[in-house]
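J.: Curious how this folds, go ahead:
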Amino acid sequence: MKSFLEITGENGDTPTTSYLFSDSDRYFFDCGDGFQRFIKGRSNVTFGKIKSIFITSLSWDCIGGLIGLFLTMAELNIKVRLYGPKGLHKLFTSSREFQYQLNVEIYEVDSTIIQTIKDDSFTFYTLPINKNNNNNDNSIIDENKSPTLAYYGRNSSQSTIEIQNEDYQFEESSIVCYIGMTKDFKGKFYPEKAVALGVPKGISFKHLQDGKSVTNKDGVIITPDQVMDKSIKGTKFAIIRCPTLEYLPSLKSHLHMFTDIHIINHIVPNEVLSNLNYIKFMEDINQQQQQQQQSTTTTINTKHIIVNNENCERVSGCQSSDNQILKLQRFIPSLFPMKQQDQRFVKSIEFLNDSKILKDQINVFPCKETTNLILGPPQNAGDIEFLPLNNCSTNGSGEESNESENNNNESMEEFINTEQGQLFKKQLDQQVEELESNPNKCCHPKILFTGTGSAIPSKYRNVTGNFITLADDQNILLDAGEGTFGQLYRFFGPIEVKKQLINLKMIWLSHLHADHHLGIPNICEKRQQYAKELGLKDNELEPLIIIGPDALIQWINELSVIVNIKFIGIGINSNHSNQLVQTCKKLNIKTFSMVPVIHCNYAFGLVIEWNDGFKLTYSGDTRPCKFLSEMGKDSCVQIHEATFEDEKQMDAISKRHSTVGEALEVGRLMNCQFSLLTHFSQRYPNLKMGTYKDTNYGLAIDLLQISPYQYPLVYKMIEPFSLLFENEAQKKLDKKSTSNQPPLSTTAAANKSKSTPKTDDRNNTIEKDAKRLEKYQNKYKDEVILPAYVYNIDLNYLTLVENAYDDLLNQPQFEDD
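T.: The predicted structure follows:
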């Protein structure tokens, strides 16, 4: 059996994950915030083969990607088993308003004993650890007891199972480490020996290889050991998470489980790793190994892989996006001021030289990009290969990844050096110089797009997020899809991001769909973590205000039972909130208007007017909405969704989104000075060139940061960037056609020309498209008619403005003729 363990480092923007591969199944250890986007570039990861996911902790770095992953996998109809600490099921029950029934079984681990999980490929042991626990009782193995089924998301013959009426209190000490072991490797089968012993060929040979005895043609029983070499013991590995020294006594109680172990993944901070007690624990494992090997002929050199944010060099988890931004920076660096250098100081592990047992660091090293460790076949067990992160386990050389990156850079150089490219660059440079020289230029609010895609993250576009910085360096976040923190980390770098999150005062959420809010818990966790690192006391950190539909606030409140997050939640359609008013005063806001829009029940847009007269409208997800156009009248800028191109208007109508042309029309009705379009379908990974008469709009792209005086630049960049990406796409298509398609013979070409679609085929396509879109229409019944909630901050007064428009009730329906 071929099997391996792939470990990726703690990269700051993406938390560590371990990927376990076997011939038939795939497994993950932890699934943190940004998980989906992180694995987009890993060609060896197949969603459909994921069998089980093992969670070590209830922190968002370990569970933040689960809901998004299961929502993506929902239509695959593949059941996945999820194992983790007690309380894990609350992640799913608290999310019931937007995830419904997912195809997942959740098993919660007993914190008092070691439990066993077995399947066709591996055996796993759970190692529960707790803070300051010197009791060895939890090191008892119960081979017959598996983790308890706590939640069953979907089953045609069984209703949803949930643990009810249990009082779960948040416990930071809920951690489970894991030991895994491959099945024993079968010894070599000698068919000639079986034939000599009178065993008939066929099914009897298979039975012998499966470890079963057979009867030969003379009635004599033949046992497997007569025709096969002895089986080789399976390869053993461990995943350890030990965030503080308080967990170490409990971890050490499991020392006896670390015999005959090939690989240990130590997810521990440098503070723990460098402690003498932890070093002693690692030494004890090696000494235990050496003592056991004295009585056997087997030699195992245990590999210790260190994973943390201090001892590992950072590797971007979004290399494709980084490469794209590097190209854009060549044209307009002022719009893409992303930090290109990792400012962290990587600490050495030379302190291990003081250990007589571990000083030979051949078998102790920090994780590098992707550390690939072989588990089988047995003769290669423990072998190590270091692979590029975005080309893991493909050809092992990274040539494809490097070649693609070089080609991208060459494409940019080629385009810039063309006559057309030089002309565009000159025009942009002149415009930049003119805008920068204006002494009265308006610099704030700055808008940083942390995600410009819809539904699910892709290599180039993360899901929705708009990070707004005011003149006094205070920040507001409008929506925060999964991976928003990772985008902020990539843009600001590991030092500046701390200040930016401390200065984040408000998060406003438009509606209940997951691509707009799954990043919230990680933002809260990291903000609290950074406050401690910067020496702020609890009473010195201003509480983070989160505003959204009531059901969303309820979700975050319920989630805080298992995830240690602190915030003040305010429901949009709740009573007057003095806390919201006070926060708006600190942000110099004059009016704060939340307007119902046309998407799903309790979906809102937002209009903010500051005391200096600047007015911003944010649409959230919506069809063109007259109420929002009226409330946002004379806005300086609108951030409006443009999920589809105009040719996909039927999709936009059925799914309650807008096309590019419709979003621009909203801007005209609003008399808006400038429109920034975002929330594009992931079918549009790069910028698209428009054919519109408007010149006061721009197409957003991830990690674009723009000030009001720079708005004209984003319109000017549409044409050159569209041409650049179209040229690149055509080159890739030409290369693929040349390498993969054999030349067509004359006859084949003639046959191909005859195989044009018939009218019937087109009609069938239209009919299928109608049925596909009809399911979206069926979702939008029983609309809830809501007023706009308008806060006058100076007067400390909330006004409810009734919707006088009928576009919510009279949306055109999809016609299938």
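
J.: separation between Y530 and I523?
T.: As judged by CB to CB, to the nearest Å, Y530 and I523 stand 11 Å apart. Backbone N, C-alpha and C define where each C-beta goes, glycine included.

J.: what are the ranges of the helices in the stretch 651-800 of the chain?
T.: Secondary structure of the stretch 651-800 of the chain (DSSP state H, counting those that start in this stretch): helices located at 660-670, 711-716, 718-740, 746-754, 759-777.

J.: among those, which gets the worst mean confidence?
T.: Mean pLDDT is lowest for helix 746-754 among the helices of the stretch 651-800 of the chain, at a mean of 46.

J.: just to revisit the earlier point, Y530 and I523: which has the busier surroundings?
T.: Using other CB atoms under 10 Å as the criterion, Y530 and I523 rank with I523 on top: 24 against 17.

J.: secondary structure element for the more buried one?
T.: Using DSSP states H and E, I523 falls within helix 520-533.

J.: Repeat that for R42.
T.: Judged by DSSP H and E, R42 forms part of no helix or strand.

J.: That one: neighbouring residues, count only.
T.: 20.

J.: again, but for the one 10 residues further on
T.: Summarising burial for S52: neighbours were counted as other CB under 10 Å, giving 20.

J.: Let me know the helix or strand that it is in.
T.: In the assignment (DSSP H and E), S52 maps to strand 50-54.

J.: Equivalent analysis for I306, please.
T.: Assigned by DSSP H and E, I306 falls within strand 303-307.

J.: among the helices and strands of the chain, which has the poorest mean pLDDT?
T.: Sorting the helices and strands of the chain by mean pLDDT, DSSP states H and E puts helix 746-754 at the bottom, at a mean of 46.

J.: mind listing the strands for the stretch 1-150 of the chain?
T.: Using DSSP state E, counting those that start in this stretch, the strands of the stretch 1-150 of the chain run over 3-8, 18-22, 26-29, 50-54, 80-84, 104-108, 114-118, 122-129, 141-142, 148-152.

J.: Just send these back as TSV, with distance to L509 too.
T.: What follows is the strands of the stretch 1-150 of the chain, written out as TSV (distance: least, CB to CB, whole Å):
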stretch	distance to L509
strand 3-8	30
strand 18-22	32
strand 26-29	28
strand 50-54	27
strand 80-84	26
strand 104-108	25
strand 114-118	37
strand 122-129	35
strand 141-142	44
strand 148-152	25
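
J.: Check those strands for me: which has the lowest mean pLDDT.
T.: Per-stretch mean pLDDT for the strands of the stretch 1-150 of the chain is lowest at strand 141-142 (a mean of 76).

J.: In contact with the residue of the chain most remote from its centre: list those residues for me.
T.: In terms of distance from the mean C-alpha position of the chain, D218 ranks first, at 62.2 Å (CA atoms, centre = their mean). Applying CB atoms under 8 Å, 6 or more residues apart in numbering to D218 gives the contacts G198.

J.: Secondary structure element holding it?
T.: If you go by DSSP H and E, D218 is not part of any helix or strand.

J.: Give me the phi and psi angles of it.
T.: The phi/psi pair for D218 (degrees, to the nearest 10) reads phi -100, psi 0.
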